[in-house]
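Undergrad: Got a sequence here, can you model it:
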Amino acid sequence: MQTRNVLRVNASDEQRNYREAVAEILRCVQSDHSVTLLEISERVDISLGTVSNAANKKTDLSPTFLQRLGRAYGVHHLDPYVRLMGGRIIPIEHSTERDVLPFINRAALKIAEARDPQSPGGVREIHTEKLDYLPDLLALQKELSGLICSIQAEAA
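TA: From the prediction side, this is the model:
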């Protein structure tokens, strides 16, 4: 049986989505770590041109460099890429020095404040209120995921 090498119809969409995900990863790394593209390129040993082109969605970034980004800045930053496949990344390692309870309390307080009748949206949360507590939810998710992984590792 002979197979034909045919470009799939959605291949260009897949490439565009991949490039957008990589650009989002780079923006998040820059924002979360207050670093420039030059600093990222130096830390992960990649040329500034390659990083800049990836940030501008002009070229693909190899899996090797994505791996280096995850190691250097945290695997959770790779979520935009993994989201293309319907997933999320959680760190396997977890710091036992951090208590998860303050993260839970901080997120719960922000949600309660957003649902307060005296809040801008009243008892129904508005988008800006949700955006206000999103960073706390993400921090809580990261800590809970790490805790779950450490408990599972102990059970294995």
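Undergrad: any idea how far Val22 lies from His77?
TA: Using C-beta to C-beta, to the nearest Å, we find Val22 at a distance of 11 Å from His77. Where C-beta positions appear, they are placed from N, C-alpha and C, glycine not excepted.
Undergrad: excluding its backbone neighbours, what's nearest Ala133?
TA: To be clear, residue 133 is Tyr; Ala isn't right here. Of all residues not flanking Tyr133 in the chain, Lys110 sits nearest, at 3.6 Å (C-beta to C-beta, 6 or more residues apart in numbering).
Undergrad: gap between Leu147 and Arg115?
TA: As judged by C-beta to C-beta, Leu147 and Arg115 stand 26 Å apart.
Undergrad: okay, these two: which has more neighbours?
TA: Neighbour comparison, Leu147 and Arg115: the larger count goes to Leu147, with 17 against 14 (by other C-beta atoms under 10 Å).
Undergrad: I figured Leu117 hits Arg124, correct?
TA: Rather than Leu, residue 117 is Pro. No. Between Pro117 and Arg124 there is no contact under C-beta atoms under 8 Å: 10.0 Å.
Undergrad: tell me the helices in this structure, going along the chain?
TA: Along the chain, counting by DSSP state H, helices occupy 11-33, 37-43, 48-55, 63-73, 79-83, 101-115, 127-155.
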